[in-house]
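Peer 1: Sequence below, structure please.
(one chain, ligands or ions: 1)
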Amino acid sequence: MTNDVLNTLRHDINEIDSDLLVLLAKRRRISHGVVEYKIANNKPIRDEARELALLEKLIGYGKSLGLDAYYVNNVFQTILEDSVLHQQAMLQKNLNPDALSETHRVTYLGGQGSYSQLACHKYFSRRPGKLIEIGCTSFDEITAKVENGQADFGLLPIENTSSGSINEVFDLLQHAQVSIVGEVTHSVEHCLLANPGSELSQLTKIFAHPQPFAQCSRFLQGLGDLQHETCDSTSSALQSALSTPNSAAIGSAQAGKNVGLEVIKSNLANQSENHSRFIVVARKPLQVSNQIPTKTSLIMSTKQQAGSLADALMIFKQHKINLVKLESRPTPGNPWEEVFYVDLEANLADNQVKTALEELKEHTQYVRILGCYQSETLQAVSVNS
Ligand SMILES: O=C(O)C(=O)C[C@]1(C(=O)O)C=C[C@@H](O)C=C1
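Peer 2: So this is what the prediction gives:
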């Protein structure tokens with residue numbers, strides 16, 4: 001095949017890809033129109049029966065065109081997720097017009113290229129407005145700036161599929177005067193990044209935030225006794241790698257490219273599906289529409305007697321409230337006493353939930369609602385193909 005033939009084929013592919021983008025943008029605009037109907041008619045945003053029918057039809061049609069079911073399903077699940085999350089964000093904006101203003105001042109950990117920045121861009125891409133980014137060097141600084149009004153929102157990583165819960169953030173939530181108003185998950189693809197021309201065998205030192213170190217522990221063990229230097233954020237790890245000979249940093253390929261570092265090894269995380277979940281905090285709670293999947297997070301300490309945690313959890317069962325996360329942390333100043341973090345699939349505006357939370361007070365020493373927010377961890381509909 002000559003170069004000319006390759007160029008022609010690539011030109012054709014480029015045109016098709018552009019056409020696909022035009023169609024995707026058009027589809028998204030139409031889906032925005034559906035929200036108006038759903039607001040006017042108080043219908044849930046998600047219609048799983050419609051999604052299933054749509055996927056089955058598309059998979060069937062795809063087969064007739066020689067496209068396998070797995071491929072078609074994956075592509076359209078992504079499109080549907082985008083559509084649902086955009087619709088939800090629009091509905092929330094409609095319900096909280098003052099709180100979700102045209103300018104979002106957002107604090108997050110690190111600066112250019114940090115995973116928190118990527119998650120921030122993802123979250124606010126669905127919430128149009130001017131984004132003013134405030135990179136911070138600690139989780140405390142992130143919440144302090146929200147508390148004192150220097151920022152409208154703060155983004156905090158709360159858990160990761162490889163390294164588990166981020167305890168520092170759970171502990172911070174015990175005393176921070178903020179409300180959880182949102183969540184976003186972001187896939188974290190760790191790469192080893194070094195100055196151009198560097199080789200793995202020449203490295204003597206690796207810079208990273210403690211989280212990437214934990215999430216890539218198996219790969220790092222395999223490298224032998226290289227020096228590990230922990231940094232405040234991925235952005236500062238990248239800067240250190242840039243200025244230190246024979247060193248590398250752990251970060252995303254995009255972050256490396258932004259500062260002039262090259263990928264010398266990719267897919268470093270212990271789990272191939274490495275995702276982080278971030279919470280979005282604000283000074284005041286937001287109202288959450290009953291038309292969208294909602295989570296409520298709370299902290300509670302139970303009475304110091306046998307069965308008190310089980311009694312507290314039974315209340316959720318009795319009220320048919322699904323518990324999606326339960327985490328325990330020590331209570332500061334009270335050794336061996338635990339405080340429990342609970343995530344529920346529940347909306348605080350729901351009477352059933354209000355009753356359950358009243359009953360919960362009878363079985364606990366202390367309950368504090370951390371926030372009620374739209375759930376962005378969507379369960380995809382499953383298609384038999
Ligand atoms: O058909 C609808 O009700 C829509 O809102 C559109 C759409 C889609 O993007 O296709 C989005 C969300 C629903 O869960 C189902 C389908």
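Peer 1: Can you report phi and psi for the residue of the stretch 51-200 of the chain at minimum distance from the ligand?
Peer 2: Proximity of the stretch 51-200 of the chain to the ligand (C-beta to the nearest ligand atom) peaks at residue 83, 3.1 Å away. C-beta coordinates here come from the backbone N, C-alpha and C atoms, glycine included. Torsion angles at residue 83 (phi, psi; degrees, to the nearest 10) stand at phi -60, psi -50.
Peer 1: Tell me the secondary structure at the one residue sitting closest to the centre of the chain.
Peer 2: Nearest to the geometric centre of the chain sits residue 185, at 1.8 Å (C-alpha atoms, centre = their mean). Following DSSP: H, G, I helix; E, B strand; the rest coil, the label given to residue 185 is strand.
Peer 1: Output the set of residues of this protein in proximity to the ligand.
Peer 2: Taking C-beta under 6 Å from any ligand atom, the part of the chain that reaches the ligand is made up of 31, 34, 46, 47, 50, 51, 54, 80, 83, 84, 87.
Peer 1: Please enumerate the helices of this structure.
Peer 2: For the chain, the helices defined by DSSP state H cover 3-40, 48-64, 69-95, 115-125, 139-147, 167-173, 210-215, 217-222, 234-243, 253-259, 308-318, 351-362.
Peer 1: Now tabulate those helices in TSV and tack on distance to residue 276.
Peer 2: Listed next are these as TSV, based on distance: least, C-beta to C-beta, whole Å:
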stretch	distance to residue 276
helix 3-40	25
helix 48-64	26
helix 69-95	17
helix 115-125	6
helix 139-147	14
helix 167-173	11
helix 210-215	8
helix 217-222	16
helix 234-243	12
helix 253-259	14
helix 308-318	26
helix 351-362	28
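Peer 1: can you list the ones you listed in JSON lines and add mean neighbour count and mean pLDDT?
Peer 2: Below are the helices of the chain laid out as JSON lines (neighbours: other C-beta atoms under 10 Å; pLDDT from 0 to 100):
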{"stretch": "helix 3-40", "mean neighbour count": "11", "mean pLDDT": "95"}
{"stretch": "helix 48-64", "mean neighbour count": "14", "mean pLDDT": "97"}
{"stretch": "helix 69-95", "mean neighbour count": "17", "mean pLDDT": "93"}
{"stretch": "helix 115-125", "mean neighbour count": "22", "mean pLDDT": "92"}
{"stretch": "helix 139-147", "mean neighbour count": "20", "mean pLDDT": "97"}
{"stretch": "helix 167-173", "mean neighbour count": "17", "mean pLDDT": "92"}
{"stretch": "helix 210-215", "mean neighbour count": "22", "mean pLDDT": "91"}
{"stretch": "helix 217-222", "mean neighbour count": "13", "mean pLDDT": "92"}
{"stretch": "helix 234-243", "mean neighbour count": "22", "mean pLDDT": "92"}
{"stretch": "helix 253-259", "mean neighbour count": "17", "mean pLDDT": "90"}
{"stretch": "helix 308-318", "mean neighbour count": "16", "mean pLDDT": "93"}
{"stretch": "helix 351-362", "mean neighbour count": "15", "mean pLDDT": "94"}
